[in-house]
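1. fold the following for me, if possible:
(2 chains)
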There are 2 protein chains.
Amino acid sequence: MANEWPREPLLPGLLNPPKQPKKESMVKRKKFFRSRSAPSVDRSLVPMDVVHDKFPGPQLRSGYFCPSFKKVALFLVIYLGAGVLCFYLVKDQLSGKKTNGVLDAIYFTIVTMTTVGYGDLVPNSTATKLLACAFVFTGMALVGMLLSRAADYLVEKQEVLLYKALHIREKDGEAHMMQHIETNKAKYKFYTAAMFLVQMVLIGTVFLWKVENLNLVDAFYCVCSTITTLGYGDKSFSTEEGRVFAIFWIVASTICMAQFFLYLAEIYSEQRQRRLAKWVLTRRMTYVDLEAADLDEDGAVGAAEFIIYKLKEMGKISEQDIAIVMEEFEDLDVDHSGKLTTSDLDVAQCDR
Amino acid sequence: MANEWPREPLLPGLLNPPKQPKKESMVKRKKFFRSRSAPSVDRSLVPMDVVHDKFPGPQLRSGYFCPSFKKVALFLVIYLGAGVLCFYLVKDQLSGKKTNGVLDAIYFTIVTMTTVGYGDLVPNSTATKLLACAFVFTGMALVGMLLSRAADYLVEKQEVLLYKALHIREKDGEAHMMQHIETNKAKYKFYTAAMFLVQMVLIGTVFLWKVENLNLVDAFYCVCSTITTLGYGDKSFSTEEGRVFAIFWIVASTICMAQFFLYLAEIYSEQRQRRLAKWVLTRRMTYVDLEAADLDEDGAVGAAEFIIYKLKEMGKISEQDIAIVMEEFEDLDVDHSGKLTTSDLDVAQCDR
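-> Take a look at the predicted model:
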């Protein structure tokens, strides 16, 4: 599928020498590079409360992930702490296969939080039943909204290693590699998640086979039942060592599985987006298009006008996006010339 | 939180008369409206294979949803058909509480597909265990990638009804209502999903209480355990009527729950996006910004240039987006004037 898309780098000249023979086009492209290198926000200027966790810009998100990552860990610790405390205090109101008080409380909290729900330990009083209901809802929210972001971060780090492993013989430069990964981001994320998933399945199966003494089919069946959060519960972790292992393995594998499907969906939507972009770009410009794209009504369409028109057609930007920026432009354009100049800025800044 | 954002409509003038006192600004705004009404793709020109299911443009998606909706139904029928056939044929290799052969096969398929996995019916042979593994993976993919889209479609339709119910006294026009919904899309989706979810919880609880003869706490506990796909399995649907009801109720409620969290995440990310947009727009333009935004290097920043610069700063468009459109612009700009005119189009179309 990806072959439909031009194989050459999408940003020629930035990383490789451009193959353009035309001189003029080179010059024009250069101007755009200058602008390209400029924006994306000067980080030092962004107020700290915007940067820390509120900053959604794609370029910045990964770089400023650390505070969010800490937040994830904090939430998880609070959640697990509360879960273990609650279920340890009511441990006599849980029935099923029991091992060690604290361990069972952690194990039950994890099995509930990830919605695996084996049912090998079940609440048997009104209070514990309602407690379990409260924990599964908050657990779902926690896993869905926070842990997946942590996983995303880890996967992105692993991508680079994966690419190196796959292209070990090719003597590509660092820059070329990063660019290749950027263009095929969703794909590499998907491969990395798939690789993790296979590892998780293997580790889980071997553990259940060797430590929990299940036969190989049952071990694999229990692994599948767990990572998909199905959790029939006819096979589960019943020994003390098994439950210690389960605590870590269940969290890692269920999140990995969820990310796997998420990246699959991402690849699918990216492919649709590319097909549309390709169609929009290869579609013939008509006179009607030309007139509609001519924002300043000077009878010709400049590069910036063309970019806005086409990106809007692709659905990347909306009328609302344009409208809110336009309002700001009109405020800044003090002399109403339709162009912002240094004199406009001087006047605007005196007013503020 | 939403109160931080200007309360007035973001597209004044389109639906309401603008309150702008400045004449010039009105004129300029008008020009942009013309462009606004123009693009977003003339649907009649889009090739059918692009429109049907491959069309991701936000404006088009809901309108062209029907073919995808049919596809969802088709996949679901095939999946359920295969599941029921397989599990009916091996019904002697399932152990647990049984009622009626075909009904149990459907019930088991649904409980597996949605990853609820009560464990009240479990496979007890190697073949059925592996079959269950295969069905849970495909079921997860099906639910995740297809049914949620169907739910999205239904929720969007319900939004309008919800808005009308909430604002029944206000004599707003149709246009104003649609605009209000558009601006607060994620919020209305979230409310609608929440409303559905409450209904599902009530219906499920009453059913389990009246028909399955559970007490009220157990009924609520079983409902929570099911909609979150936890499925401990100590309480489940064991009667024939119960399983008929469960088939429909489990599918509807688990998807509703998943959508509820999805919309919650959407609201959260929209709020972050708005906060960033607000910050980017209220940030002072510096001389450096002005130079960087000036794509055509004429010493002034036009409206289109300003829009691109700000939208890029907000992270709405990327360098790659700009680069691929620029390539097309350079191809079309035959006389390399930096502007597209009708003469460029004439030459370009003769070449093709």
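
2. now look at the helix or strand hosting residue A:258 and say if it contacts chain B.
-> If you go by DSSP states H and E, residue A:258 is part of helix A:240-282. Yes: with Cβ under 8 Å from any Cβ of the partner chain as the criterion, chain B is reached by helix A:240-282 at A:257, A:261, A:264-265, A:268-269, A:272-273, A:275-277, A:279-282. Placement of C-beta: from N, CA and C, glycine included.

3. Throw together a PyMOL command that grabs the buried residues out of the residues you listed.
-> Selection of buried members from those for PyMOL, criterion 16 or more other Cβ atoms under 10 Å in any protein chain shown:
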select buried, chain A and resi 257+261+264+272+273+275+276+277+279+280+281
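
4. from the residues of helix A:240-282 next to chain B, pick the one nearest residue B:83.
-> Nearest to residue B:83 among the residues of helix A:240-282 next to chain B is residue A:261, at 19.2 Å by Cβ to Cβ.

5. the residue lying closest to that closest one once chain neighbours are set aside: neighbour count?
-> In space, and not counting its chain neighbours, residue A:261 is closest to residue B:144: 5.1 Å by Cβ to Cβ, 6 or more residues apart in numbering or on different chains. By other Cβ atoms under 10 Å in any protein chain shown, 17 other residues sit near residue B:144.

6. test my guess that residue A:311 contacts residue A:317.
-> Yes: with contact defined as Cβ atoms under 8 Å, residue A:311 reaches residue A:317; the gap is 5.2 Å.

7. what residues are shared contacts of the two?
-> When contacts are counted by Cβ atoms under 8 Å, 6 or more residues apart in numbering or on different chains, residue A:311 and residue A:317 have residue B:317 as shared neighbours.

8. quick one, which of the two is more surrounded?
-> Remark: of residue A:311 and residue A:317, residue A:311 carries more neighbours, 25 against 21, as counted by other Cβ under 10 Å.

9. surely that one is in a strand?
-> No: going by DSSP: H, G, I helix; E, B strand; the rest coil, the assignment for residue A:311 is helix, not a strand.

10. need the pLDDT of it.
-> pLDDT for residue A:311: 86.

11. and it, how far from residue B:294?
-> 19 Å (Cβ to Cβ, to the nearest Å).

12. repeat for residue A:135
-> 56 Å.

13. one more: residue A:334?
-> Taking Cβ to Cβ, one finds residue A:334 at 17 Å from residue B:294.

14. so these two - more neighbours on which side?
-> residue B:294 (24 against 17).

15. and for the more buried one, nearest residue in space, chain neighbours not counted?
-> residue B:301 (5.2 Å).

16. tell me the secondary structure for residue A:238?
-> Relying on three-state DSSP, one would call residue A:238 coil.

17. report the contact partners of it.
-> So residue A:238 contacts A:97, A:99, A:120, A:212 (Cβ under 8 Å, 6+ apart).

18. pick out the residue of the stretch 151-300 of chain A closest to chain B.
-> residue A:292 (3.2 Å; Cβ to the nearest Cβ).

19. okay, now that residue: neighbour count?
-> 20.

20. for residue A:197, same thing?
-> Using other Cβ under 10 Å: residue A:197 sits among 16 other residues.

21. close enough to count as contact, it and residue A:254?
-> No: using Cβ under 8 Å, residue A:197 is not in contact with residue A:254, being 10.5 Å away.

22. shared neighbours of the two, which are they?
-> Joint contacts of residue A:197 and residue A:254 (Cβ under 8 Å, 6+ apart) are residue A:227.

23. flag every buried residue along the helix or strand hosting residue A:83.
-> Assigned by DSSP H and E, residue A:83 belongs to helix A:66-89. Neighbour counts over helix A:66-89 (16+ other Cβ under 10 Å) mark A:68, A:72, A:75, A:76, A:79, A:80, A:83, A:84, A:86, A:87, A:88 as buried.

24. other residues contacting whichever helix or strand comes after that helix?
-> Using DSSP H and E, the next helix or strand after helix A:66-89 towards the C-terminus is strand A:94-96. With contacts defined as Cβ under 8 Å, 6+ apart, strand A:94-96 is touched by A:87, A:104, A:108, A:119, A:120, A:121, A:122, A:123, A:124, A:128.

25. now, which of these lie close to chain B?
-> Within these, those near chain B by Cβ under 8 Å from any Cβ are A:119, A:122, A:123.

26. show me those that map onto strands.
-> With DSSP state E as the criterion, strands contain A:122, A:123 from among these.

27. could you redo the ones next to chain B among the contacts of strand A:94-96 as CSV and give each row pLDDT and neighbour count?
-> Conversion of these to CSV gives the following (pLDDT from 0 to 100; neighbours: other Cβ atoms under 10 Å in any protein chain shown):
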residue, pLDDT, neighbour count
A:119, 92, 25
A:122, 92, 21
A:123, 93, 24
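
28. for residue B:326, state which of the ones next to chain B among the contacts of strand A:94-96 is nearest.
-> residue A:119 (58.6 Å).

29. ranges for the helices of the stretch 51-200 of chain A?
-> A:58-63, A:66-89, A:101-113, A:126-142, A:148-166, A:174-183, A:185-210 (DSSP state H, counting those that start in this stretch).

30. by mean pLDDT, show me the worst of these.
-> Looking at the helices of the stretch 51-200 of chain A, the bottom one is helix A:58-63 with a mean of 35.

31. and residue A:212, which of the three is it?
-> coil.

32. neighbours around the nearest residue to it once chain neighbours are set aside, how many?
-> Of all residues not flanking residue A:212 in the chain, residue A:242 sits nearest, at 5.0 Å (Cβ to Cβ, 6+ apart). Using other Cβ under 10 Å, residue A:242 has 20 other residues around it.
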